[in-house]
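Colleague: pasted the sequence and its predicted model underneath.
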Amino acid sequence: MEIPFELIPLAGILVGGLVVLIPIMGFTARYVLKPFEETLARYLDGRVGDESVRLLERRMSLMEQQLETMESTLNRVADAADFHRELRSPAGAVPAALPTPQSAPVRTPPGDARP
């Protein structure tokens, strides 16, 4: 198939025009689309930041619950150890931490008439 001779100059003009127009369209698209790109990037970063904050808050609440559970378990173990220590001690023995009561004489104020 042979290209008609009349179309060759038209093709040259078209290709020559595209050589100039393609870079112009690229720069225009860059400057027009750049604000849109930045806005979209900020939106996505903010959304990821919110999700990460929510995940961190959830992790913290789970850790707090676990700590409370561990504290209550430790308190129960300590109470059980105290109970077993009291059971093992002799029945009449007084723990060393408590002083033995001493009887003090009862004094009555002067002028108090008691029968």
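Modeller: Arrived safely, thanks for sending. Everything numeric here is computed off the predicted structure, so don't read it as measured data.
Colleague: where are the low-confidence patches of this protein?
Modeller: 1, 91-115 (pLDDT under 70).
Colleague: centroid residue for it?
Modeller: residue 56 (1.9 Å; C-alpha atoms, centre = their mean).
Colleague: distance of that one from residue 75?
Modeller: 29 Å (C-beta to C-beta, to the nearest Å). The way it works is simple: take the backbone N, C-alpha and C, and place the C-beta from them, glycine included.
Colleague: for residue 58, same thing?
Modeller: Taking C-beta to C-beta, one finds residue 58 at 26 Å from residue 75.
Colleague: the helices in the chain, which residues?
Modeller: 7-88 (DSSP state H).
Colleague: okay, now residue 65: neighbour count?
Modeller: 10 (other C-beta atoms under 10 Å).
Colleague: whoops, I mixed them up, residue 55
Modeller: So residue 55, with other C-beta under 10 Å, has 10 neighbours.
Colleague: please apply the same query to residue 73.
Modeller: Neighbour tally, residue 73, other C-beta under 10 Å: 10.
Colleague: any idea how far it lies from residue 66?
Modeller: Counting by C-beta to C-beta - residue 73 and residue 66 are separated by 10 Å.
Colleague: overlap in contacts, the two.
Modeller: Listed as contacting both residue 73 and residue 66 by C-beta atoms under 8 Å, 6 or more residues apart in numbering is no residue at all.
Colleague: alpha carbons of stretch 14-32, as PDB, please.
Modeller: The C-alpha trace of stretch 14-32 is given here as PDB (Å, rounded to 0.1, in the frame of the first residue of the first chain):
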ATOM      1  CA  LEU A  14       1.300  16.700  13.000                       C
ATOM      2  CA  VAL A  15       4.400  15.000  14.400                       C
ATOM      3  CA  GLY A  16       6.300  18.300  14.600                       C
ATOM      4  CA  GLY A  17       3.400  19.800  16.600                       C
ATOM      5  CA  LEU A  18       3.300  16.800  18.900                       C
ATOM      6  CA  VAL A  19       7.000  17.200  19.600                       C
ATOM      7  CA  VAL A  20       6.200  20.600  21.100                       C
ATOM      8  CA  LEU A  21       2.700  19.900  22.500                       C
ATOM      9  CA  ILE A  22       3.600  16.800  24.500                       C
ATOM     10  CA  PRO A  23       6.100  18.500  26.900                       C
ATOM     11  CA  ILE A  24       3.700  21.400  27.300                       C
ATOM     12  CA  MET A  25       0.900  19.000  28.200                       C
ATOM     13  CA  GLY A  26       3.200  17.300  30.700                       C
ATOM     14  CA  PHE A  27       4.200  20.500  32.500                       C
ATOM     15  CA  THR A  28       0.600  21.600  32.600                       C
ATOM     16  CA  ALA A  29      -0.600  18.300  34.000                       C
ATOM     17  CA  ARG A  30       2.200  18.400  36.600                       C
ATOM     18  CA  TYR A  31       1.300  21.900  37.800                       C
ATOM     19  CA  VAL A  32      -2.500  21.200  37.700                       C
END
